[in-house]
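Chemist: sequence and predicted structure, then a few things I'm wondering about:
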Amino acid sequence: IIDQAFSADASLLASIHSEGSAYSIAVHSFERGKTLAAHFDSPDVPFRIWISEGIWFEVAPLDDKPRYVRQISLPAEADFTSSTSTWTPSVLTELPSGPENDETAFLRVGRIVPPFAVTSTQDLDVKRWNLQTAEVTASARLSQLPGMGQLTPDGRYFAWRDGESSALHRLDFETGEDQVVAPLDGTYIPFLLISKDGDVIISVQSGMRPVIDAWIVETGEHISLGEYRFCNRQPDVVRINRAGTTLVIGCDTGLDVWRIVPVS
């Protein structure tokens, strides 16, 4: 499995499966308890997938052609009730990947949830992209090069740290204002998350320790939330759900599920 994603209502799970000189897109219906697969006889490598009025995936061609984004149709309801486990999707959209074909982009920030993407130029101009249209939807100027970060579900707020881990920031793409939330003093953070309203920033494995920390954006207050389950290596995946109510950490020893509840 290269990548996977849930639909907005969590009724479907789409995933990319590598087959060497080919690949497959699988769709599992939780209601029907059935998985369908579409086979693509192509050496190109899809590396990111999401569901939004069809199945979208970003692809790196094996040759020197530009990277592209493709949208295919979802299986029909009847496909999940038939005896066959395959379906033949139609290609709805295919266009060059905006961030991957921007000649001014110096880096692309990792782990940004599609359909968004974030890039930065060497002059510290940061751009927010819509992968489904290959368009820049917002831009701002930063004081340092972003080392990593994450967007709120609506794409307005961008929590980020610089490559030297000198400080934690929150950029408001609507106003262009970048706020220093707290100093980091070189503490490395591999996983950074932000609440859906952009008012809390969460880190996992800060300083390479199995801990979860949070910062209140308005005040910069730091809250230590404790340790997660023991892992023999760095977590494989850290995600917060769209509703902002659940944080999941996955590693070689299993899953940790943290519930986020309002404090009265």
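Modeler: Structure received. Numbering: from 1, shown residues only.

Chemist: what ranges do the strands span in the stretch 151-264 of the chain?
Modeler: Assigned by DSSP state E, counting those that start in this stretch, the stretch 151-264 of the chain shows strands spanning 157-162, 167-172, 178-183, 191-194, 200-204, 211-216, 222-227, 237-240, 246-251, 254-259.

Chemist: check the spacing between Thr104 and Gly110 real quick.
Modeler: In this view, Thr104 and Gly110 are 19 Å apart by C-beta to C-beta, to the nearest Å. Where C-beta positions appear, they are placed from N, C-alpha and C, glycine not excepted.

Chemist: got it, and Ile216?
Modeler: 25 Å.

Chemist: so which of these two has more stuff around it?
Modeler: Ile216 (14 against 10; other C-beta atoms under 10 Å).

Chemist: low-confidence ranges, this structure, go.
Modeler: 263-264 (pLDDT under 70).

Chemist: distance check, the residue most central in space within it against Ile189.
Modeler: Among the residues of the chain, the one closest to the centroid is Val113, at 2.4 Å (C-alpha atoms, centre = their mean). Distance, Val113 to Ile189, by C-beta to C-beta: 18 Å.

Chemist: and Thr35, what element?
Modeler: Take DSSP states H and E as the rule and Thr35 turns out to sit in strand 34-40.

Chemist: list the buried residues for that strand?
Modeler: Buried positions in strand 34-40, judged by neighbour count with 16 or more other C-beta atoms under 10 Å: 36, 38, 40.

Chemist: would a markdown table of the residues you listed with distance to Lys65 be doable?
Modeler: Listed next are those as a markdown table, based on distance: C-beta to C-beta, whole Å:
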| residue | distance to Lys65 |
| --- | --- |
| Leu36 | 29 |
| Ala38 | 22 |
| Phe40 | 16 |
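
Chemist: which of the residues you listed sits closest to Asp256?
Modeler: Of all those, Asp256 sits closest to Leu36, with 31.1 Å by C-beta to C-beta.

Chemist: what does the strand holding Thr35 rub up against?
Modeler: By C-beta atoms under 8 Å, 6 or more residues apart in numbering, the list of residues contacting strand 34-40 from outside reads 17, 19, 22-29, 72, 75, 79-81, 85-89.

Chemist: show me just the buried residues among those.
Modeler: Judged by 16+ other C-beta under 10 Å, buried ones among these: 17, 23, 25-29, 72, 75, 79-80, 87, 89.

Chemist: quick one: the nearest residue to Arg32 once chain neighbours are set aside from Asp3, how far?
Modeler: Closest residue in space to Arg32, ignoring its immediate chain neighbours: Phe80 at 4.1 Å, by C-beta to C-beta, 6 or more residues apart in numbering. According to C-beta to C-beta, Phe80 stands 22 Å off from Asp3.

Chemist: returning to that earlier point: let's have the strands of the stretch 151-264 of the chain in a markdown table, adding distance to Leu95.
Modeler: A markdown table is the format used below for those (distance: least, C-beta to C-beta, whole Å):
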| stretch | distance to Leu95 |
| --- | --- |
| strand 157-162 | 24 |
| strand 167-172 | 27 |
| strand 178-183 | 30 |
| strand 191-194 | 28 |
| strand 200-204 | 33 |
| strand 211-216 | 38 |
| strand 222-227 | 41 |
| strand 237-240 | 27 |
| strand 246-251 | 32 |
| strand 254-259 | 36 |
